[in-house]
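Engineer: could you work out the structure for the sequence below:
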Amino acid sequence: MIQESQPLPRTPFHTSLDGEGGESSAARSSTAPPDVEDYALQIKETADKLLHDQASRGDMRLLATAVRELRYCFKIFSAYRHRRKVSIFGSARTPPQHPAYKAAEEFGRRIASAGWMVITGAGSGIMEAGHRGAGRDASFGLNILLPFEQAANPVVQGDPKLVTMRYFFTRKLMFIKESDAVVLFPGGFGTHDECFEALTLIQTGKSHLFPIVMVDEPGGNYWQLWQRFIQEGLVDRGYISRHDTSLYRITDSVEEAVRQVTSFYRVYHSLRYVRGELVLRLQQPLPPALLQRIREEFRDILSGGDFELLPGALPEESNEPELAHLPRLKFRFQRQAVGRLRQLVDLINAEA
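Structural biologist: Residues are numbered from 1 along each chain as shown. This next block holds a predicted model:
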């Protein structure tokens, strides 16, 4: 497996937020979206308003610290925009001799061999295993300051791609913002926190679409127990759609986990909302027969109109010229049907 040759979006997280909230209708309808200077001016104006509002010292410190942390993270990650990345989560208490540790290490090794980079919380256990497998050069660490000391694992200790953060919310933002996939090994509260946050952000359309894979040790049942709760506690009681279970995969095979991550981008490249319509950027055009099948089998995800193939970018995508040549599938998406959207992407990857 090799890294795809097509350029990547600015970051995958950005593409799901274009045209949502914070921009006027005039800005959304313009073919020239706000530029970097416009957003910098908004930040400065907001700071001035905080002073005018007589915000407390604690509130100002929180905002200042968060902005500094995010700015530094943006700087560190910016040099690696051309590389796909996967966030690995799991218990910090898993010892090196445990089968789950060995599985995480093997996953890190295989995904790095496919050209990907690995992001973890920089601690011990599963986090260290993922870094050991991927190697220092292909590893990012997002450490967190805790009341008790959490030292970075020896693989990333001292590496410039290691960042220590004060706030969980900025750290969690970076995990999702910079990731093209999330892979979870058995863990505790923190692992489930990251798991449900990723699922919630995708389900609600506040994040880009990406593969989520739960990996057990060979023959293990950790994630099967979790799946039983999802089915009996959520799906059967109507708290989530049955299609929402398409947003993740469960396996006890490292090879299958790697395949699930990498094959997600076999034909699908990225997405972006443009004037209320969803645009899927693709690595290659769709055959006419597949387009007809999509029109027949996925009409339920449309809020109006039909599926339309485009040979290249829309004018509103002019700020991503490196992706202008990619063919597109454009349609008016019924945004509560994200599970079905994942099924559409799976069909495109399998049949195109």
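Engineer: drop to CA atoms for contacts and neighbour counts, all remaining ones
Structural biologist: OK.
Engineer: chain neighbours aside, what residue packs nearest to residue 154?
Structural biologist: Nearest residue to residue 154, sequence neighbours excluded (C-alpha to C-alpha, 6 or more residues apart in numbering): residue 128, at 8.0 Å.
Engineer: next one, pLDDT for that neighbour please.
Structural biologist: pLDDT recorded at residue 128 is 98.
Engineer: equivalent analysis for residue 147, please.
Structural biologist: Residue 147 carries a pLDDT value of 81.
Engineer: repeat for residue 202
Structural biologist: 97.
Engineer: from here on, call the first residue 14.
Structural biologist: Sounds good: first residue 14 from here, last item residue 215.
Engineer: just after the helix or strand harbouring it, pick out the following helix or strand.
Structural biologist: Per DSSP states H and E: residue 215 is located in helix 202-216. For helix 202-216, the following helix or strand on the C-terminal side (DSSP H and E) is strand 225-228.
Engineer: got the contact list for the helix or strand following that next one?
Structural biologist: Using DSSP H and E, the helix or strand that follows strand 225-228 in sequence is helix 235-242. Contacts with helix 235-242, where a contact means C-alpha atoms under 8 Å, 6 or more residues apart in numbering, come from 199, 227-229, 263.
Engineer: quick one, helices of the chain?
Structural biologist: Taking DSSP state H to define them, one finds helices in the chain at 25-28, 38-42, 49-65, 70-91, 112-126, 139-147, 181-190, 202-216, 235-242, 267-276, 301-310, 351-364.
Engineer: between the ones you listed, which one is closest to residue 322.
Structural biologist: helix 301-310 (8.3 Å; C-alpha to C-alpha).
Engineer: worst-scoring helix or strand of this protein, pLDDT-wise?
Structural biologist: In the chain, the helix or strand scored least confidently by mean pLDDT, DSSP states H and E is helix 38-42, which has a mean of 44.
Engineer: didn't residue 348 look like it was pressed against residue 218?
Structural biologist: Yes. Using C-alpha atoms under 8 Å, residue 348 is in contact with residue 218, at 7.1 Å.
Engineer: domains of this protein?
Structural biologist: The chain is divided into the following domains under automatic domain parsing: 53-88, 98-276, 281-364.
Engineer: rewinding a little: ranking the helices of the chain by mean pLDDT, which is last?
Structural biologist: Among the helices of the chain, helix 38-42 carries the lowest mean pLDDT, a mean of 44.
Engineer: quick one: contacts for residue 159?
Structural biologist: residue 179.
Engineer: how much space separates it from residue 334?
Structural biologist: Using C-alpha to C-alpha, to the nearest Å, residue 159 is found at 42 Å from residue 334.
Engineer: check residue 307 too.
Structural biologist: Distance, residue 307 to residue 334, using C-alpha to C-alpha: 28 Å.
Engineer: the two: which has the busier surroundings?
Structural biologist: residue 307 (15 against 10; other C-alpha atoms under 10 Å).
Engineer: out of the helices of the chain, nearest to residue 170?
Structural biologist: The nearest among the helices of the chain, by C-alpha to C-alpha, is helix 139-147 at 10.7 Å.
Engineer: dump the closest one to CSV, keeping only the CA atoms.
Structural biologist: Provided in CSV are the C-alpha atoms of helix 139-147 (Å, rounded to 0.1, in the frame of the first residue of the first chain):
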residue,chain,number,x,y,z
ILE,A,139,-1.7,1.8,23.7
MET,A,140,-0.4,5.3,22.9
GLU,A,141,3.2,4.2,23.3
ALA,A,142,2.5,1.0,21.3
GLY,A,143,1.1,3.0,18.3
HIS,A,144,4.2,5.2,18.4
ARG,A,145,6.6,2.3,18.7
GLY,A,146,5.0,0.7,15.6
ALA,A,147,4.9,3.9,13.5
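Engineer: go through the longest strand seen in the chain and flag the buried ones.
Structural biologist: Secondary structure of the chain read by DSSP state E shows that its longest strand is strand 315-323. Using 16 or more other C-alpha atoms under 10 Å as the test for burial, strand 315-323 gives 315, 320, 322-323.
Engineer: how about these in CSV, adding pLDDT?
Structural biologist: Listed next are the buried residues of strand 315-323 as CSV, based on pLDDT from 0 to 100:
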residue, pLDDT
315, 98
320, 98
322, 97
323, 97
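Engineer: ok, so of the residues you listed, who is nearest residue 93?
Structural biologist: residue 323 (29.2 Å).
Engineer: report the beta-bridge partners for that closest one.
Structural biologist: residue 341 (DSSP bridges).
Engineer: list the contacts of it.
Structural biologist: Taking C-alpha under 8 Å, 6+ apart, one finds 340-343 in contact with residue 323.
Engineer: could I get these in JSON lines, plus columns for neighbour count and distance to residue 278?
Structural biologist: Below are those laid out as JSON lines (neighbours: other C-alpha atoms under 10 Å; distance: C-alpha to C-alpha, whole Å):
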{"residue": "340", "neighbour count": "21", "distance to residue 278": "14"}
{"residue": "341", "neighbour count": "27", "distance to residue 278": "14"}
{"residue": "342", "neighbour count": "19", "distance to residue 278": "15"}
{"residue": "343", "neighbour count": "21", "distance to residue 278": "18"}
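Engineer: for residue 339, which non-adjacent residue is closest in space?
Structural biologist: Spatial nearest neighbour of residue 339, excluding adjacent residues (C-alpha to C-alpha, 6+ apart): residue 325 at 5.4 Å.
Engineer: surely the one you found touches residue 340?
Structural biologist: Yes. Counting by C-alpha under 8 Å, residue 340 is a contact partner of residue 325 at 4.8 Å.
Engineer: burial measure for residue 123, as a count.
Structural biologist: 20.
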